Structure formats: C-alpha cells, structure tokens
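K.L.:
give the three-dimensional model of this entry:
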Amino acid sequence: MGKKIAILMGSKSDMPLLLSAFDTLKDFGVEFEARILSAHRTPEEAASFAKGAEKKGIKVFICAAGMAAHLAGVIASFTTIPVIGIPIASEPFNGIDSLLSMVQMPPGIPVAVVSAGKAGAQNAALMAISILALSDQDLSIKLKNYREKQKNKVLSADKELSIELESK
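P.N.:
From the prediction side, this is the model:
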C-alpha cells in the first residue's frame, strides 16, 4: 500500500499523545511515516517535506502542535493534500491557543481540526482512514466493520446496564 499518511509533530514531546494515532493506523494496516518538524524552528524543512509529499504518495497529513500551533497551516500552505490538525495542550492556555490557531485559517487554505489530545489523535487517524477509504474498498470495509464493533460495544453495555438495574 505504501506510506500514504504523514504524521508531523512540532516537537518530540507531542509523541505520547500520538500513540493512539499510530496504533489506530497500524490496526487498519495503513502505513505511515512520522516526522518531527517545526513551523518555526525548521520552516524550510517543513516546507520541503510538504512540497515533496505528493511525489512520495502521501495522501493525507496529520499535524500535531501546541502553543501557536502553526504546523498544520504551514503544511497546508505548501500542498493541496488534505491536512488534519490536532491541537496539543500546552502551558499556559491548556490547548485553547492551539485550537484557535488551527481553526482560524484564512480563506483558501483549509485545515481540518479534530479534538485535542489522545482522542484527537485517534480521531485524526480515523479521519485520514476515511479519506483514504474513498478510493480503497478494503479500507472502506475495515472502517465499516470498526464502526459496527463500536456500535455493538455500546449496545452490549446498554444491555448489561439494563440487566444490572433489573436485578437491584
């Protein structure tokens, strides 16, 4: 299949939050590459990576960053490949700064934004998988099966709750 997803983080400290994205992509059999590139400290390298991504077969970017969180926007400015941003909580604003930075993209340079932190990382991976599934029938089936399992898990918990309440 090749590495179709690039996961970029602004610093190594973002890595623990991205583990759920890595795990989700691995569970679906989607190869990815992960890089540490900073919009502010390595702008030339970030731009070069974004510009060369299409030739490498990258179909979706996932960009995690905290504070000013410009990484997703910088990457989006150099490519038409879809970019999904994950706001990372950081001091002193606990991620609200990152969120606002990502959702305040100017017209014409879109960045999709998911929830912050670990849940956001998993959702970013699932969103990237959804994008790839538009042209990959096997991945589409895996995604539909995943959703069915989620539904069944909730319905099972609901049934267990009803049984527990009836027995009391």
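K.L.:
contact partners of stretch 86-98?
P.N.:
10, 14, 17-18, 21, 62-69, 99, 101-102, 113-117, 120-121, 124 (Cβ atoms under 8 Å, 6 or more residues apart in numbering). C-beta here means a position set from N, CA and C on the backbone, and glycine is covered the same way.
K.L.:
try it again at 10 Å.
P.N.:
Stretch 86-98 is contacted from outside by 7-11, 13-14, 17-18, 21, 62-72, 85, 99-103, 113-125, using Cβ atoms under 10 Å, 6 or more residues apart in numbering.
K.L.:
buried ones among these?
P.N.:
Among those, those classed as buried by 16 or more other Cβ atoms under 10 Å are 7-11, 14, 17-18, 21, 62-67, 69-72, 85, 99, 101-102, 113-114, 116-117, 120-125.
K.L.:
helices - which of the contacts of stretch 86-98 land there?
P.N.:
17-18, 21, 71-72, 99-103, 117-125 (DSSP state H).
K.L.:
can I get the helix or strand bottoming out on mean pLDDT in the chain in CSV, CA atoms only?
P.N.:
Among the helices and strands of the chain, helix 96-103 carries the lowest confidence by mean pLDDT, DSSP states H and E, at a mean of 90. Below are the C-alpha coordinates for helix 96-103, written out as CSV (Å, rounded to 0.1, in the frame of the first residue of the first chain):
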residue,chain,number,x,y,z
ILE,A,96,-7.2,26.7,23.7
ASP,A,97,-4.4,28.7,22.0
SER,A,98,-3.6,25.7,19.7
LEU,A,99,-7.2,25.1,18.9
LEU,A,100,-7.8,28.7,18.0
SER,A,101,-4.7,28.8,15.9
MET,A,102,-5.8,25.8,13.9
VAL,A,103,-9.4,26.8,13.4
